[in-house]
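Peer 1: Give me the fold of what follows.
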Amino acid sequence: MKYSQDIIIDLPREEVIKIFNNQENAFKWMEGLQSWDAVSGEQGTEGAVSKMVFKNKKRELEMQETILKKELPDRINFLFEAKGVQNWNDNHFEAISDHQTKWTQSNVFKLKGFMKLFGLLGSGMFKKQSLKHMNAFKSFAENN
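Peer 2: Modelled structure (predicted):
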(Lines give C-alpha, C1' and ligand atoms only; values in the text may rest on other atoms or scores of the structure.)
Protein backbone atom coordinates (compact mmCIF):
# COMPACT_ATOMS: atom_id res chain seq x y z
CA MET A 1 0.00 0.00 0.00
CA LYS A 2 1.32 3.43 -0.98
CA TYR A 3 0.01 6.92 -0.39
CA SER A 4 1.17 10.50 0.00
CA GLN A 5 -0.37 13.41 1.91
CA ASP A 6 0.60 17.01 2.56
CA ILE A 7 -0.34 19.87 4.83
CA ILE A 8 0.60 23.53 5.07
CA ILE A 9 2.10 24.67 8.37
CA ASP A 10 1.94 28.39 9.10
CA LEU A 11 5.57 28.70 10.20
CA PRO A 12 8.88 29.23 8.42
CA ARG A 13 10.59 25.98 7.38
CA GLU A 14 13.49 26.55 9.80
CA GLU A 15 11.07 26.71 12.73
CA VAL A 16 9.15 23.65 11.55
CA ILE A 17 12.38 21.65 11.32
CA LYS A 18 13.55 22.83 14.74
CA ILE A 19 10.29 21.64 16.32
CA PHE A 20 10.11 18.41 14.28
CA ASN A 21 13.72 17.49 15.03
CA ASN A 22 13.34 17.90 18.82
CA GLN A 23 12.54 14.43 20.18
CA GLU A 24 11.04 15.80 23.41
CA ASN A 25 8.38 17.60 21.37
CA ALA A 26 7.13 14.27 19.98
CA PHE A 27 5.69 13.38 23.38
CA LYS A 28 3.51 16.49 23.13
CA TRP A 29 1.97 15.77 19.72
CA MET A 30 2.28 12.02 19.06
CA GLU A 31 -0.81 10.61 20.73
CA GLY A 32 -0.02 7.73 23.05
CA LEU A 33 3.78 7.91 22.82
CA GLN A 34 5.06 6.49 26.12
CA SER A 35 8.77 5.98 25.47
CA TRP A 36 11.39 6.43 22.79
CA ASP A 37 14.73 4.81 23.56
CA ALA A 38 17.94 4.35 21.61
CA VAL A 39 18.76 0.81 20.50
CA SER A 40 21.85 1.52 18.40
CA GLY A 41 23.62 4.54 16.99
CA GLU A 42 23.29 8.10 18.19
CA GLN A 43 19.61 8.87 18.57
CA GLY A 44 18.34 11.33 15.98
CA THR A 45 21.15 10.69 13.49
CA GLU A 46 21.13 8.84 10.19
CA GLY A 47 21.39 5.09 10.81
CA ALA A 48 20.16 5.29 14.40
CA VAL A 49 17.69 2.67 15.59
CA SER A 50 15.20 3.42 18.37
CA LYS A 51 12.39 1.58 20.13
CA MET A 52 9.11 3.46 20.43
CA VAL A 53 6.24 2.39 22.67
CA PHE A 54 2.71 3.71 22.17
CA LYS A 55 -0.29 3.09 24.39
CA ASN A 56 -3.80 3.48 23.03
CA LYS A 57 -6.54 2.76 25.56
CA LYS A 58 -5.51 -0.64 26.93
CA ARG A 59 -3.40 -1.71 23.95
CA GLU A 60 0.35 -1.23 23.75
CA LEU A 61 2.26 -1.08 20.46
CA GLU A 62 6.01 -1.43 20.21
CA MET A 63 7.82 -0.39 17.06
CA GLN A 64 11.35 0.08 15.88
CA GLU A 65 12.34 3.28 14.11
CA THR A 66 15.38 3.46 11.85
CA ILE A 67 16.47 6.80 10.40
CA LEU A 68 17.33 5.92 6.81
CA LYS A 69 18.24 9.35 5.48
CA LYS A 70 18.48 12.71 7.19
CA GLU A 71 18.98 15.69 4.89
CA LEU A 72 17.27 18.41 6.89
CA PRO A 73 15.89 20.92 6.27
CA ASP A 74 14.75 19.23 3.05
CA ARG A 75 13.88 15.67 4.04
CA ILE A 76 14.07 12.85 6.53
CA ASN A 77 13.23 9.21 5.85
CA PHE A 78 12.33 6.55 8.39
CA LEU A 79 11.61 2.85 8.46
CA PHE A 80 9.07 1.88 11.12
CA GLU A 81 8.69 -1.79 11.96
CA ALA A 82 6.13 -3.50 14.18
CA LYS A 83 4.70 -6.98 14.28
CA GLY A 84 3.48 -7.73 10.75
CA VAL A 85 4.13 -4.19 9.48
CA GLN A 86 6.94 -2.30 7.77
CA ASN A 87 6.42 1.37 6.88
CA TRP A 88 8.86 3.38 4.78
CA ASN A 89 8.08 6.97 5.69
CA ASP A 90 9.50 9.80 3.55
CA ASN A 91 9.05 13.39 4.78
CA HIS A 92 9.77 16.46 2.63
CA PHE A 93 9.66 20.03 3.91
CA GLU A 94 9.30 22.84 1.38
CA ALA A 95 9.30 26.56 2.14
CA ILE A 96 6.37 27.92 0.16
CA SER A 97 6.74 31.42 1.60
CA ASP A 98 8.65 33.15 4.37
CA HIS A 99 5.93 32.07 6.81
CA GLN A 100 4.62 28.78 5.46
CA THR A 101 5.99 25.27 5.02
CA LYS A 102 4.55 22.44 2.98
CA TRP A 103 5.10 19.05 4.64
CA THR A 104 4.64 16.10 2.29
CA GLN A 105 4.70 12.63 3.76
CA SER A 106 4.84 9.54 1.55
CA ASN A 107 4.26 6.11 3.03
CA VAL A 108 4.85 2.62 1.69
CA PHE A 109 3.52 -0.22 3.81
CA LYS A 110 4.44 -3.87 3.58
CA LEU A 111 2.06 -6.02 5.60
CA LYS A 112 2.41 -9.66 6.64
CA GLY A 113 0.08 -12.28 8.11
CA PHE A 114 -3.06 -10.98 9.76
CA MET A 115 -1.96 -7.39 9.11
CA LYS A 116 -2.16 -8.04 5.35
CA LEU A 117 -5.87 -8.79 5.65
CA PHE A 118 -6.31 -5.82 7.98
CA GLY A 119 -4.61 -3.58 5.40
CA LEU A 120 -6.91 -4.72 2.62
CA LEU A 121 -10.00 -4.03 4.70
CA GLY A 122 -8.84 -0.88 6.44
CA SER A 123 -6.41 0.89 4.09
CA GLY A 124 -8.24 4.17 4.67
CA MET A 125 -7.49 3.87 8.37
CA PHE A 126 -3.74 4.00 7.70
CA LYS A 127 -4.14 7.24 5.72
CA LYS A 128 -6.43 8.70 8.37
CA GLN A 129 -3.93 7.88 11.15
CA SER A 130 -1.03 9.44 9.22
CA LEU A 131 -2.99 12.61 8.58
CA LYS A 132 -4.06 12.71 12.23
CA HIS A 133 -0.38 12.69 13.30
CA MET A 134 0.49 15.37 10.73
CA ASN A 135 -2.34 17.61 11.89
CA ALA A 136 -1.40 17.06 15.54
CA PHE A 137 2.13 18.21 14.73
CA LYS A 138 0.80 21.22 12.80
CA SER A 139 -1.40 22.24 15.72
CA PHE A 140 1.41 21.80 18.25
CA ALA A 141 3.92 23.70 16.12
CA GLU A 142 1.64 26.61 15.32
CA ASN A 143 0.34 27.01 18.88
CA ASN A 144 3.53 26.67 20.93
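Peer 1: When you work out contacts or count neighbours from here on, use the C-alpha atoms and nothing else.
Peer 2: Will do.
Peer 1: Quick check: bridge partners of residue 55?
Peer 2: According to DSSP bridges, the partner residues bridging residue 55 are residue 60.
Peer 1: brain fart, residue 88
Peer 2: residue 79, residue 108.
Peer 1: tell me the contacts of it?
Peer 2: Residue 88 makes contact with 77-80, 107-109 under the criterion CA atoms under 8 Å, 6 or more residues apart in numbering.
Peer 1: Quickly note the distance from it to residue 95.
Peer 2: According to CA to CA, to the nearest Å, residue 88 and residue 95 sit 23 Å apart.
Peer 1: likewise residue 48?
Peer 2: 27 Å.
Peer 1: what pLDDT does the residue lying farthest from the centre of the chain get?
Peer 2: Within the chain, the residue lying farthest from the chain centre (CA atoms, centre = their mean) is residue 98, at 24.3 Å. Reported pLDDT at residue 98 in the predicted model: 97.
Peer 1: For it, which non-adjacent residue is closest in space?
Peer 2: residue 12 (5.6 Å; CA to CA, 6 or more residues apart in numbering).
Peer 1: where does the protein have its least confident helix or strand?
Peer 2: Taking mean pLDDT, DSSP states H and E as the measure, the helix or strand of the chain with the lowest value is helix 114-121, at a mean of 54.
Peer 1: what's downstream of that helix, the next helix or strand?
Peer 2: helix 123-143 (DSSP states H and E).
Peer 1: Show me which positions of that next one end up buried.
Peer 2: Under the neighbour-count criterion of 16 or more other CA atoms under 10 Å, helix 123-143 has 123, 130-131, 134-135, 137-138, 140-141 buried.
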